[in-house]
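Enquirer: sequence first, predicted coordinates after that:
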Amino acid sequence: MNKKSVKNKEFVMTGQYLGVVEEFLPNKNSTYVKDGEIFSTKTGTTHIDSRKREIAILHANDDERKTVKIGDIIIGTILFVRAYSVGVDFCAINNKLHFNSSYMGNIHVSEISNKYVEKIQDAFQGTDIVRAKVIGKESNEFKLSTVGKNLGIIHADCTICGTTLDKIGFNKLQCSMCGNIENRKLADDYRNVNMDLIL
């Protein structure tokens, strides 16, 4: 008798068969693999990320915990830089980790700073880690802002050699390895972030 793979948003019990590794990528926090088959490590609802083909199990209160609202503070990585905006992949929402959450947002050039920003590359670069505020939602993406002292880049690497950049002035960074100087829209606690992230 063939086992039947679960569907998205299906209620499952601890130890229940979910599918095979050829079909899904297992989530290490809520599933385990035995002989190529994936099983649930907790009771909850299945969440299948269609883009990554990953299957995870969420508790009933996880859905509420993962809801993004206007006013929330997110931490994310810069995915891409356009002429007038940057794309951000969410990693934490209100100090709660949300890896593989599939939430994305955009920071428009008008929402970077109180001061005029001529080139968006003077504020953000790909792979930077940014803290931003949710100010709206458009379709499946959230509108974000880094206007404010506590918002902006909290970690950045040199675009030439990849070394972590040191702050040398207001929104100015320097690489200790190659000497490269770069600009960013920095949060006031750049590289000195003090917060307790909750899983």
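Expert: Received the coordinates, thanks. Numbering: from 1, shown residues only.
Enquirer: when you work out contacts or count neighbours from here on, use the C-alpha atoms and nothing else.
Expert: OK.
Enquirer: shouldn't Met104 be in contact with Glu141?
Expert: Yes. Using CA atoms under 8 Å, Met104 makes contact with Glu141 at a distance of 5.4 Å.
Enquirer: okay, the two: which has more neighbours?
Expert: Neighbour comparison, Met104 and Glu141: the larger count goes to Met104, with 19 against 15 (by other CA atoms under 10 Å).
Enquirer: what sits against that one?
Expert: 87-90, 140-142 (CA atoms under 8 Å, 6 or more residues apart in numbering).
Enquirer: equivalent analysis for Lys172, please.
Expert: Lys172 neighbours (CA under 8 Å, 6+ apart): 181-184.
Enquirer: export those residues as TSV, with columns for distance to Lys28 and pLDDT.
Expert: Below are those laid out as TSV (distance: CA to CA, whole Å; pLDDT from 0 to 100):
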residue	distance to Lys28	pLDDT
Ile181	40	97
Glu182	38	97
Asn183	38	96
Arg184	35	97
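Enquirer: which among these gets closest to His155?
Expert: Ranked by distance to His155 (CA to CA), these are led by Arg184 at 10.0 Å.
Enquirer: for the residue nearest to the closest one when sequence neighbours are not counted, give its distance to Arg82.
Expert: Excluding the flanking residues, the one nearest Arg184 by CA to CA, 6 or more residues apart in numbering is Ala123, at 3.9 Å. For Ala123, the distance to Arg82 equals 12 Å [CA to CA, to the nearest Å].
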